[in-house]
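[1] here's my sequence, what's the structure:
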Amino acid sequence: MATAAPAAATTAVHSKLEKSPSKAGMLVFGVILISGVLYAGINLLTDISGVRTASTLAYLLLGVALLTALGFEFVNGFHDTANAVATVIYTHSLEPHVAVVWSGFFNFLGVVLSSGLVAFGIISLLPVELILQVGSGAGFAMVFALLVAAIIWNLGTWYFGLPNSSSHTLIGSIIGVGIANQLMAVKTGTSGVDWGQAANIGKTLLVSPIVGFICAGLLLLIMKLAIPDKRLYQAPEGDAPPPLWIRALLVLTCTGVSFAHGSNDGQKGMGLIMLILIGTVPTAYALNRTMHEQDVDQFVAVSTQAQTVLAHYATGTAPADPHAAVVDIVRVRTASPESLPAISGLAAWISQQVNTYHSLAKVPADDLVNIRNNMYLVSEGLRLVAKSKSLKISEADQTILSSYRGELDKATRFIPSWVKVAVAIALGLGTMIGWKRIVVTVGERIGKTHLTYAQGASAELVAMVTIGAADAFGLPVSTTHVLSSGVAGTMVASRSGLQWATVRNLLMAWVLTLPVSIALAGGLYWLLRTLLL
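    Predicted coordinates for the structure are as follows:
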């Protein structure tokens, strides 16, 4: 019977895994860690230094919530970032600790250079009234429930060495909070889950491992036809590194996966941190204060064009309270010709307010939350307009509405650089501490034979491209699912076989993640909301 991996190759890897990092490396990492913490802390304190509050409760909640959100990213580093280094470690392309630091650096770059689309795509799944009132007891119950539930499940699967999807877990937690919110306030017609958006994200999470499995297997077969070098399809001998060009290819794919992971997965924590900041210190974070007087004229002009477009397709008259009307539109997740007067009316109110103050930096503290919430509502309303099948809006008019929505999102959907740095540090620190368990599973417990150079490169190339494409479209995707299934696909393609006990455990973890995280988050939300309200 085939063993999990050739004894010599496995022994060589394990001897490297057991080595402690060098003192010089630890010192450099410590300096970087302390510098990042100081940078994030100083910028946070600077931002809130001018905020006045009668109570220290807001600051206490801010601290606890930020630590919880960063804790989620820390545990995320246990899982997803570790996947990126498994192939270079098991092919001896990089020493384990060098690989972890290398991956951490490019995760950091991915986080810092990320677009933010994924972050706010995740947020749009949450109940609208909790987003608009995130500083309330129910809002904090929502944030803590979904983060704690995700951390608990991620820690459990990590403990057993199972490469679980942090994205999958977080989506399940958000759905759990949405369902619980709807059940607890059914008489008020409160919103639950945006099932359309959840279905789109669910499809991505479902399809991505299938894509990883099939594409990685096909890529391996294509490589065998196109690159006849036999060394590429052999397992490492002892602890010798691969030929230089093969090593360069594997390091390149590890780099790409690490960058793509930081760019995609790091955003999930960013979106939640921004909700926390808006809820606790809205004076500093409710609006992007970089819209100055020179930008106001453009904003007002685009807003006027958008109102003209909406009026062209609208039926009926504007409601007396456009804010409440748009809240209802966003709550039921549908837009119709009858919806457009309310969206247009609220857009006109926003334009008037922005024009009055000439700059978001000059908006009084008492008006910040109202303007921010109304901007968010109009942006979401326009998203629903773009998706509506009953509204036959021309391509030119869609461009105008999209441009206006972009202006609104600039004001409300921004991520300060210190938040990105804090998330990157949490991801990197989690990787440094928890990487070994997942690396061993990916490297030697999925296939019956030791990972070859071509298998590692195929799995990581597919993961890099898949995650990068998902990030470009603002869709969350699981690094774990894509890479683990990619490794399995290469094992099947090379006819080396799979370890079905591991595969069965992986499938069980993937299947259970959604219902368990839904139940955990829903139960925690009910408990916390009962205690906080």
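
[2] pLDDT weak spots in the stretch 51-200 of the chain?
    Along the stretch 51-200 of the chain, the parts satisfying pLDDT under 70 run over 52-55, 79-82, 163, 186-194, 196-198.

[3] what about the helices in it?
    Taking DSSP state H, counting those that start in this stretch, the helices of the stretch 51-200 of the chain run over residues 57-76, 82-90, 96-112, 117-123, 128-132, 137-159, 166-184, 195-226.

[4] taking these together, which one is wrapped up most tightly?
    helix 82-90 (a mean of 30; mean count of other CB atoms under 10 Å). Quick note: C-beta positions are derived from backbone N, CA and C, even for glycine.

[5] who are the packing partners of it?
    Using 3 or more CB pairs under 8 Å, 6 or more residues apart in numbering; DSSP states H and E as the contact test, the elements touching helix 82-90 are helix 7-17, helix 96-112, helix 244-280, helix 417-440, helix 453-472, helix 479-493.

[6] nearest to residue 203, of the ones you listed?
    For the helices and strands packed on helix 82-90, proximity to residue 203 was assessed by CB to CB; helix 453-472 is nearest, at 11.4 Å.

[7] returning to what we had before: nearest to residue 516, of the helices of the stretch 51-200 of the chain?
    helix 137-159 (5.9 Å).

[8] that closest one versus helix 244-280: what angle between them?
    Interaxial angle of helix 137-159 relative to helix 244-280 (axes from the mean of the first three to the mean of the last three CA atoms, to 10 degrees): 150 degrees.

[9] if we can go back for a sec, how about the helices of the stretch 51-200 of the chain in a markdown table, adding distance to residue 251?
    Shown next, in a markdown table, are the helices of the stretch 51-200 of the chain (distance: least, CB to CB, whole Å):
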| stretch | distance to residue 251 |
| --- | --- |
| helix 57-76 | 23 |
| helix 82-90 | 6 |
| helix 96-112 | 8 |
| helix 117-123 | 26 |
| helix 128-132 | 42 |
| helix 137-159 | 26 |
| helix 166-184 | 25 |
| helix 195-226 | 17 |
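
[10] in JSON lines, list the helices and strands packed on helix 82-90 along with distance to residue 227.
    Converted to JSON lines, the helices and strands packed on helix 82-90 look like this (distance: least, CB to CB, whole Å):
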{"stretch": "helix 7-17", "distance to residue 227": "22"}
{"stretch": "helix 96-112", "distance to residue 227": "24"}
{"stretch": "helix 244-280", "distance to residue 227": "10"}
{"stretch": "helix 417-440", "distance to residue 227": "26"}
{"stretch": "helix 453-472", "distance to residue 227": "8"}
{"stretch": "helix 479-493", "distance to residue 227": "14"}
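
[11] most packed of those helices?
    Buried most deeply of the helices and strands packed on helix 82-90, by mean count of other CB under 10 Å, is helix 479-493, with a mean of 28.

[12] list the buried residues of the helix or strand just after it.
    Using DSSP states H and E, the helix or strand that follows helix 479-493 towards the C-terminus is helix 500-532. Counting neighbours by 16 or more other CB atoms under 10 Å, one finds that the buried residues in helix 500-532 are 502-503, 505-506, 509-510, 513-514, 516-522, 524-526, 528-529.

[13] same question for helix 500-532, mean pLDDT?
    For helix 500-532, mean pLDDT rounds to 86.

[14] what is it packed up against?
    Identification of packing neighbours for helix 500-532 by 3+ CB pairs under 8 Å, 6+ apart yields helix 137-159, helix 166-184, helix 479-493.

[15] export the ones you listed to CSV and tack on distance to residue 456?
    Shown next, in CSV, are the helices and strands packed on helix 500-532 (distance: least, CB to CB, whole Å):
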stretch, distance to residue 456
helix 137-159, 22
helix 166-184, 22
helix 479-493, 8
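
[16] so which of those is nearest residue 98?
    Comparing the helices and strands packed on helix 500-532 under CB to CB, the one sitting nearest is helix 479-493, at 19.6 Å.

[17] how far off centre is the closest one?
    21 Å (CA atoms, centre = their mean, to the nearest Å).

[18] which helices and strands sit right next to it?
    helix 82-90, helix 195-226, helix 244-280, helix 453-472, helix 500-532.

[19] wait, which of those is closest to residue 109?
    Going by CB to CB, the one of the helices and strands packed on helix 479-493 nearest residue 109 is helix 244-280, 5.9 Å.

[20] which helices and strands does the following helix or strand past that closest one pack with?
    For helix 244-280, the following helix or strand on the C-terminal side (DSSP H and E) is helix 282-285. In terms of contacts (3+ CB pairs under 8 Å, 6+ apart), helix 282-285 is packed against helix 23-48, helix 244-280, helix 365-387.

[21] let me see the contact set for residue 456.
    Residues in contact with residue 456 (CB atoms under 8 Å, 6 or more residues apart in numbering) are 87-88, 90-91, 93, 250, 253, 487.

[22] repeat the analysis, applying 7 Å as the threshold.
    87, 90-91, 250 (CB atoms under 7 Å, 6 or more residues apart in numbering).

[23] now do residue 427
    Residue 427 sits next to 73, 76-77, 81, 107, 111, 262, 266 when contact means CB under 7 Å, 6+ apart.

[24] the residue nearest to it when sequence neighbours are not counted: how many residues sit nearby?
    The spatially closest residue to residue 427, leaving aside those adjacent along the chain, is residue 77, at 4.4 Å (CB to CB, 6 or more residues apart in numbering). Neighbours of residue 77 under the rule other CB atoms under 10 Å: 29.
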